[in-house]
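K.L.:
Predicted model and sequence below, questions to follow.
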Amino acid sequence: MSRTWRDYLTLGFVLAVGLPRLVTTVMAGPDERDLRITLHVYNYAHVTEKTWVEAEKQATAIFRKAGVETVWRHVPLPPEKRTPVNQIQPPSFNSSPLHLRIYLIPRSRAKRMEERLGRASGDVFGFSPLMADGREGRLAYVFYHSIREYVVKYIVPEQGALLLGLAIAHEVGHLLLPHNSHSHRGIMRARWDRRDLEFAAADLVFTAQQAESIRDEVARRLKEQEESKKGK
């Protein structure tokens, strides 16, 4: 697998037990409203509005717990279907380091990426590539078909929105944390099974150290953005 790609989030990330109570465990948190990121969503998977509202609520709560607010923007998709998904970036996209992209990928588009990913996308929920020079990337891929198939097989379909929110929070976390940022607990665990979730459902948030690192990184990018504006 190419060195420019981060570790991916594998299919065992979350299983059935305890998902409905995750939002209630992460809503409270530090109030640092000046720290915010903007997430541009490309819904190639045609996730329904109902599902997305719940997924966004889940991811928002996790980042709010870490002290960072999220602004969500849905990007209109171009009519040309043959454009490789990793080459699509509308001219209006804000290149600020505080603006990140999320691609929700269906099976049809995931097949084009499997060779570069180094494995079949069917057992991967998402991943986030590094830039060619090894710096943090600013886009994340989430394979919605893998999430849907997983919840149908192991959970109940209604919980797919919560799992989607968790997968998005995990991948965006990679974009704000140092390389190789998987951890032994919390939302940045690379893999989960049913036993883990029975004991750690309430722990699917960023650890205190990760939250601090994320706040520091957002503050750094904010300063970088302000200095860039002054230099113009």
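P.N.:
Structure received.
K.L.:
make it CA atoms for all contacts and neighbour counts henceforth
P.N.:
OK.
K.L.:
Residue 211: neighbour count?
P.N.:
Residue 211 has 22 neighbouring residues, counting by other CA atoms under 10 Å.
K.L.:
So it is in contact with residue 64, correct?
P.N.:
No - Residue 211 lies out of contact with residue 64 (CA atoms under 8 Å); the separation is 9.8 Å.
K.L.:
mind listing what's buried in whichever helix or strand residue 225 is part of?
P.N.:
Element membership of residue 225 [criterion: DSSP states H and E] is helix 208-231. With burial defined by 16 or more other CA atoms under 10 Å, the residues of helix 208-231 counted as buried are 210-211, 213-215, 217-219, 221-222, 225.
K.L.:
Give the other helices and strands that it contacts.
P.N.:
For helix 208-231, the helices and strands in contact under the criterion 3 or more CA pairs under 8 Å, 6 or more residues apart in numbering; DSSP states H and E are helix 160-176.
K.L.:
send the alpha carbons of the helix it packs on over as CSV?
P.N.:
The C-alpha atoms that make up helix 160-176 are tabulated as CSV, following Å, rounded to 0.1, in the frame of the first residue of the first chain:
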residue,chain,number,x,y,z
GLY,A,160,-26.7,2.8,10.4
ALA,A,161,-26.9,6.6,10.8
LEU,A,162,-25.1,6.4,14.2
LEU,A,163,-22.4,4.2,12.7
LEU,A,164,-22.0,6.6,9.8
GLY,A,165,-21.5,9.5,12.3
LEU,A,166,-18.9,7.5,14.2
ALA,A,167,-17.0,6.6,11.0
ILE,A,168,-17.0,10.2,9.9
ALA,A,169,-15.8,11.4,13.3
HIS,A,170,-13.0,8.8,13.2
GLU,A,171,-11.8,9.8,9.7
VAL,A,172,-12.0,13.5,10.4
GLY,A,173,-10.0,12.8,13.5
HIS,A,174,-7.2,11.4,11.3
LEU,A,175,-7.2,14.8,9.5
LEU,A,176,-6.6,16.7,12.7
